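Engineer: no FASTA, just this:
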Ligand SMILES: N[C@H](C(=O)O)[C@H](O)COP(=O)(O)O
């Protein structure tokens, strides 16, 4: 997917693939013999920045795997190599060598099986960039208006969700969301609809008190600071055209409250964006699809990867990366 997308967008985006160079070369040759991969060393990048490679080339930073890859089969021996690719990308973004990071899906369980506690790129990128809080947002332009769904919590067991939503964490989530919708998406006064946590947004306190004790007061404070938020609304009825037509984003309280709606509307064409980081990061809206990987080249759709690269590039062109590194 990454090779196909980088090749299709090569006239608009200078992509640098980070991965096992031998495996990437073999895969590229099988996709299209015209694709030329050129090696870039990290040292050369640090010394000289990105070179002006030609339009028919895709640059590769070699990050060797530890075990032979068998497509579609998980192998914990390669779990740490996956993290090394991310570390290279993060380092390059922090140094301003890369304008942004676009990630492909990875198998979270394999990294855990390799002995590294890991819940997702989102949390890993936050930790590695020393960012206290980030916001996961998925988006699609396949709907009218475009749908954006952000989450108050990320990859968390359902039993831990309520305790993770505090006045301060939700207040920061809304501040990050507001700032990045302005800065990264160019919305001058983003309008944010916020769900409740409980069924019927708590039914006046009879089905939970988080709406009364936490979410409502946070929304009041956010409004007083000039942020256009409203809610908390019952999540089951909020995703209707009559409400979404006047909104730029829905903030849901947890992963499976908001994401099924977006994925139902646009699976395979949406993107995942981490807000609040000191660099741009977008990703696909789907997982590793081991069955498609095992079936061989050409079975996986790279539509979401194209969208993720295009949105990252739009943010760069809008000057966001340069503002960060200025
Ligand atoms: N929840 C994400 C999604 O549905 O797209 C997915 O697990 C990826 O998360 P990370 O980008 O944090 O790995």
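Structural biologist: Received, thanks. The model shown is predicted, which means the values in this text are computed figures rather than measured ones.

Engineer: please count neighbours and contacts with C-alpha atoms only from this point.
Structural biologist: OK.

Engineer: so what's the residue count around the spatially closest residue to residue 78 that is not a sequence neighbour?
Structural biologist: Leaving aside its chain neighbours, residue 78 sits nearest to residue 66 (5.4 Å; criterion: CA to CA, 6 or more residues apart in numbering). The local packing of residue 66 (other CA atoms under 10 Å) involves 15 other residues.

Engineer: same question, residue 262
Structural biologist: With neighbours defined by other CA under 10 Å, the count for residue 262 comes to 21.

Engineer: how near is it to residue 255?
Structural biologist: 11 Å (CA to CA, to the nearest Å).

Engineer: next: residue 235.
Structural biologist: Distance from residue 235 to residue 255, by CA to CA: 12 Å.

Engineer: what's the answer for residue 302, then?
Structural biologist: Look at residue 302 and residue 255: by CA to CA, they are 23 Å apart.

Engineer: more neighbours, these two?
Structural biologist: Taking other CA under 10 Å, residue 302 and residue 255 do not tie; residue 255 has more neighbours (21 against 18).

Engineer: so what strands line up beside the helix or strand in which residue 229 is found?
Structural biologist: Per DSSP states H and E, residue 229 falls inside strand 228-233. Strand 228-233 pairs in its sheet with strand 191-195 (parallel), by DSSP bridges.

Engineer: check the offset of the strand it pairs with from the chain's centre.
Structural biologist: Relative to its parent chain, strand 191-195 has a centroid offset of 20 Å by CA atoms, centre = their mean, to the nearest Å.

Engineer: after it, which helix or strand is next?
Structural biologist: Assignment by DSSP H and E places the next element after strand 191-195 at helix 210.

Engineer: give me the helices and strands touching the next helix or strand after that next one, please.
Structural biologist: Later in the chain than helix 210, the nearest helix or strand by DSSP H and E is helix 216-224. Packing contacts for helix 216-224, counted by 3 or more CA pairs under 8 Å, 6 or more residues apart in numbering; DSSP states H and E, involve helix 167-183, strand 228-233.

Engineer: which residues are in contact with residue 128?
Structural biologist: residue 90 (CA atoms under 8 Å, 6 or more residues apart in numbering).

Engineer: look up phi and psi at it.
Structural biologist: Main-chain torsions, residue 128, degrees, to the nearest 10: phi -70, psi -20.

Engineer: distance of it from the ligand?
Structural biologist: Distance of residue 128 to the ligand, given as CA to the nearest ligand atom, to the nearest Å: 13 Å.

Engineer: ok, what's across the strand from whatever residue is furthest in space from the centre of the chain?
Structural biologist: In the chain, counting by CA atoms, centre = their mean, residue 206 sits farthest out from the average C-alpha position, at 35.6 Å. Following DSSP bridges, residue 206 is listed with bridge partners residue 208.

Engineer: and it, what pLDDT?
Structural biologist: If you check residue 206, the pLDDT there is 98.

Engineer: kindly report the same for residue 45.
Structural biologist: pLDDT at residue 45 comes out at 84.

Engineer: for residue 325, same thing?
Structural biologist: Reported pLDDT for residue 325: 46.

Engineer: repeat for residue 299
Structural biologist: pLDDT at residue 299 comes out at 84.

Engineer: when you give positions from now on, start the count at 521
Structural biologist: Yes, from this point I'll number from 521; that puts the last item at residue 819.

Engineer: contacting residues for it?
Structural biologist: Residues in contact with residue 819 (CA under 8 Å, 6+ apart) are 812, 813.

Engineer: count of neighbours near the closest residue to residue 530 other than its chain neighbours?
Structural biologist: Nearest non-adjacent residue to residue 530, counting by CA to CA, 6+ apart: residue 575, 6.3 Å away. By the criterion of other CA under 10 Å, residue 575 has 14 neighbours.

Engineer: rewinding a little: the residue nearest to residue 598 belongs to a helix, doesn't it?
Structural biologist: No - per DSSP: H, G, I helix; E, B strand; the rest coil, residue 586 lies outside any helix segment and is coil.

Engineer: indicate whether stretch 782-793 makes contact with the ligand.
Structural biologist: Yes - Stretch 782-793 lies within reach of the ligand by CA under 6 Å from any ligand atom, at residue 792.

Engineer: identify all contacting residues around that stretch.
Structural biologist: With contact meaning CA under 8 Å, 6+ apart, stretch 782-793 is reached by 656-663, 667-669, 801-806, 821-825, 827-828.

Engineer: would you mind checking these for buried ones?
Structural biologist: Buried by 16 or more other CA atoms under 10 Å: 656-660, 667-669, 801-806, 822-825, 827-828, out of those.

Engineer: please flag which of these sit within strands.
Structural biologist: Those of those mapping onto strands are 656, 657, 658, 659, 660, 667, 668, 669, 801, 802, 803, 804, per DSSP state E.

Engineer: columns pLDDT on top of those, output as CSV?
Structural biologist: Below are these laid out as CSV (pLDDT from 0 to 100):
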residue, pLDDT
656, 98
657, 98
658, 98
659, 97
660, 95
667, 97
668, 98
669, 98
801, 98
802, 98
803, 98
804, 97
